[in-house]
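Peer 1: sequence and predicted structure are below.
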Amino acid sequence: MAAAELCGQMRTDLERRRRRRSHALRCALGGAAAALALGSADAHAATASCAPGSLNRTAVLPGTPLAVSPLPDSLDASTQTQISMLGAPASAITAVTVSGSRSGTHTGHLEAYSQGDGASFVPSSPFRTGETVTVRGHVSGTPFAFRFTIAQQDPIPIPTPRPNHPPASALQSFHSAPTLQAPRVAITTSSPAAAPGDLFAAVYGSYETGGPMIFAPNGQLVWFDPLALGQ
């Protein structure tokens, strides 16, 4: 594996681990909040279904030299994931089978790493959201098996912004452009250490008028690009 490829894989693995920790924390907090709401008698029933059975799991399969990805029993794999097996030559990894609980058996091929210490199973078709994927095979004659779950994305509702009309005193108006209403800028502090020249700011808030703007040190508007609420 080339250096750039290895660095990219390391960054991907680190990001996956960060997401797993964040996901597990959200799940644990969600379960705890539900338990408090329902009372201790229903605490067990309120545990979030997405919470992993244990944290800080190892990627190394028991009895083998293989460190695998996605992490065994993880819950956040991509539908497009490959299955990495690191720690033995590709020639020692045999009889690999991959099956999804919804999508069935997946064909694919092993792609050896250029440094000679592993391979990735590249499936011919994507997995399905929410399904459990089971991987079986042999490494140097020793059987191994593990499973992971394809992530099911949580919908993030985006509320429709409500316009909040600012008072006239909060806006600037111009005879040459009557429809252009920029937020009024008040310069309240000056410093002799400040560099000379115009200032750039991105003015946003609860008002419906906002956007990037350039203004002079005295607050006089030079340029303004109004953006619609929510942009």
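Peer 2: Happy to help now that I have it.

Peer 1: got the contact list for Ala145?
Peer 2: Listed by C-beta atoms under 8 Å, 6 or more residues apart in numbering, the contact partners of Ala145 are Thr134, Val135, Arg136, Gly137. In this view, the C-beta of every residue, glycine as well, is placed from N, C-alpha and C.

Peer 1: how about Ser120, nearest residue that isn't a chain neighbour?
Peer 2: Leaving aside its chain neighbours, Ser120 sits nearest to Gln82 (4.5 Å; criterion: C-beta to C-beta, 6 or more residues apart in numbering).

Peer 1: what's around that neighbour, how many residues?
Peer 2: 14 (other C-beta atoms under 10 Å).

Peer 1: show me the contacts for Leu110.
Peer 2: Ala90, Ile93, Val96, Ala119, Ser120, Phe121, Val122.

Peer 1: if we use 7 Å, what do you get?
Peer 2: The contact partners of Leu110, by C-beta atoms under 7 Å, 6 or more residues apart in numbering, come to Ala90, Ile93, Val96, Ala119, Phe121.

Peer 1: after whichever strand or helix holds the third one comes which helix or strand?
Peer 2: In this assignment (DSSP states H and E), Val96 forms part of strand 93-100. On the C-terminal side of strand 93-100, the closest following helix or strand by DSSP H and E is strand 104-106.

Peer 1: so what are the sheet partners of that following strand and their directions?
Peer 2: Its sheet considered, strand 104-106 pairs with strand 93-100 (antiparallel) by DSSP bridges.

Peer 1: where does this structure dip in pLDDT?
Peer 2: Along the chain, segments meeting pLDDT under 70 span 1-55, 160-165, 204-209, 228-231.

Peer 1: need the contacts of Ala145 in JSON lines (columns: distance to Phe200).
Peer 2: Below are these laid out as JSON lines (distance: C-beta to C-beta, whole Å):
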{"residue": "Thr134", "distance to Phe200": "55"}
{"residue": "Val135", "distance to Phe200": "52"}
{"residue": "Arg136", "distance to Phe200": "58"}
{"residue": "Gly137", "distance to Phe200": "57"}
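
Peer 1: may I see the buried residues of the strand holding Val96?
Peer 2: Residues of strand 93-100 classed as buried: Ile93, Val96, Val98, Gly100 (neighbour count, 16 or more other C-beta atoms under 10 Å).

Peer 1: which one of those residues is nearest Pro70?
Peer 2: Minimum distance to Pro70 across these is 11.6 Å, recorded for Val98 (C-beta to C-beta).

Peer 1: now do the closest one against Val222, distance only.
Peer 2: According to C-beta to C-beta, to the nearest Å, Val98 and Val222 sit 60 Å apart.

Peer 1: and if you look at Leu86?
Peer 2: Distance from Leu86 to Val222, by C-beta to C-beta: 56 Å.

Peer 1: of those two, who's got more company?
Peer 2: More neighbours surround Leu86 than the other of Leu86 and Val222, with 20 against 11 (other C-beta under 10 Å).

Peer 1: which residues sit in contact with that one?
Peer 2: Counted by C-beta under 7 Å, 6+ apart, Leu86 has contacts Leu66, Ala67, Asp117, Gly118.
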